[in-house]
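Trainee: Need a 3D model of the following:
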Amino acid sequence: MSRSASEGRGVQSVEVGVRILGVLADVAQPMKLKDVARLAHVAPAQAHAYLVSYRRQDLVEQDEATGLYRLGHFALQLGIARMRSFDPIRTGGEAVLRLADETKLTTALSVWGSFGPTVIYIHEGTDQLHINTRAGTVYSVTGTATGLVFAAFLPEELVRSTVKAQLAESNATRRVGARLDFTAIARLLEPIRRHGYATIDPPPVPGIYAVAAPVFDSVCQIRMVVTLIGSADAIDVSEGSAHIAQVLDTANRLSEQLGYFPVARATERNAAAEKSSEAKSRRKRVPKLTAAE
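Mentor: Down below sits the predicted model:
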């Protein structure tokens, strides 16, 4: 059954209204009426009618001096209520479980704990890997894909101190992954930030590979890491692979649920709207030709 069929009939006017509010949320700065309408793909008169109603309910505010629109106080109250009722750890656990079901591979959700990257959820795939990982397992910062993601997005001072502490540990430690000096991974961090994920070769467990991606919160700080794990013949960690795309999609969706909306999204949305507007303008300027012509 499709999503639309399972959810039943909706209210189109509500969906249009939410789209208008979504524009204000994505752009995150005061906007002109015409820009709100253009990005929401509605006529200015229609957008104005919605904004008038939203002003009455304090969902939207309009600056008296400039006439620009922005989200109002009630929108803030809704956001705060959402954050109070939202459990990011539980939601993250559900997300990696879905990822395990989709890929049939092992997935893990990790947070930064007192001793470094710490697994809080592990879901085994159908291949039943023997990787000696369970909830509470602490990963090496320098020798695992998960650790490298944290190293790329956490403050360098914190990462360096944790790496130093890991190097000082006894060889009997049960930490997963090689313990290396920070200089051994420093060159890897910028590509991870640029691409948004990490893999590692050689892997901490021979023949077992992984891809990991960060989950950010509303203040753009890394909160968790999603990791997909599989044997060499089951997981594809090459650039552009379907498995990497699935991990990134899971991590990005979690980030959105935590209130993370990168500036790039608004930029892309504006660019798409500008392109659409220009195309429509060109179509209007092109005269229709008759058979005689």
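Trainee: host element of the residue nearest to the spatial centre of the chain?
Mentor: In the chain, the centroid-proximal residue (CA atoms, centre = their mean) is N252; its distance is 1.9 Å. Taking DSSP states H and E as the criterion, N252 maps to helix 242-257.
Trainee: May I see the buried residues of that helix?
Mentor: Across helix 242-257, burial judged by 16 or more other CB atoms under 10 Å covers H243, I244, Q246, V247, L248, T250, A251, N252, L254, S255, Q257. In this view, the C-beta of every residue, glycine as well, is placed from N, C-alpha and C.
Trainee: quick one: contacts for Q246?
Mentor: L99, E102, T103, L228 (CB atoms under 8 Å, 6 or more residues apart in numbering).
Trainee: ignore the last one, L97
Mentor: T107, Y121, H123.
Trainee: Can you pull the phi/psi pair for it?
Mentor: The phi/psi pair for L97 (degrees, to the nearest 10) reads phi -70, psi -40.
Trainee: Quick one, grab the pLDDT at it.
Mentor: With respect to pLDDT, L97 scores 95.
Trainee: Then V247?
Mentor: For V247, the predicted pLDDT is 97.
Trainee: cool, K284 as well?
Mentor: In this model, K284 is scored at 44, pLDDT.
Trainee: so which helix or strand takes in V23?
Mentor: Per DSSP H and E: V23 is located in helix 12-27.
Trainee: how about that helix: buried residues?
Mentor: Across helix 12-27, burial judged by 16+ other CB under 10 Å covers G17, I20, L21, V23, L24, D26, V27.
Trainee: will you turn these into CSV that also has pLDDT and distance to A65?
Mentor: Shown next, in CSV, are the buried residues of helix 12-27 (pLDDT from 0 to 100; distance: CB to CB, whole Å):
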residue, pLDDT, distance to A65
G17, 87, 26
I20, 91, 22
L21, 89, 23
V23, 88, 22
L24, 88, 18
D26, 79, 24
V27, 81, 19
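Trainee: quick check, nearest of those to F216?
Mentor: D26 (15.8 Å; CB to CB).
Trainee: Which pLDDT value belongs to the residue nearest to the centre of the chain?
Mentor: Value for N252, per-residue pLDDT: 95.
Trainee: cool, and T290?
Mentor: The model reports T290 with a pLDDT of 34.
Trainee: what about D217, how many neighbours?
Mentor: Using other CB atoms under 10 Å, D217 has 17 other residues around it.
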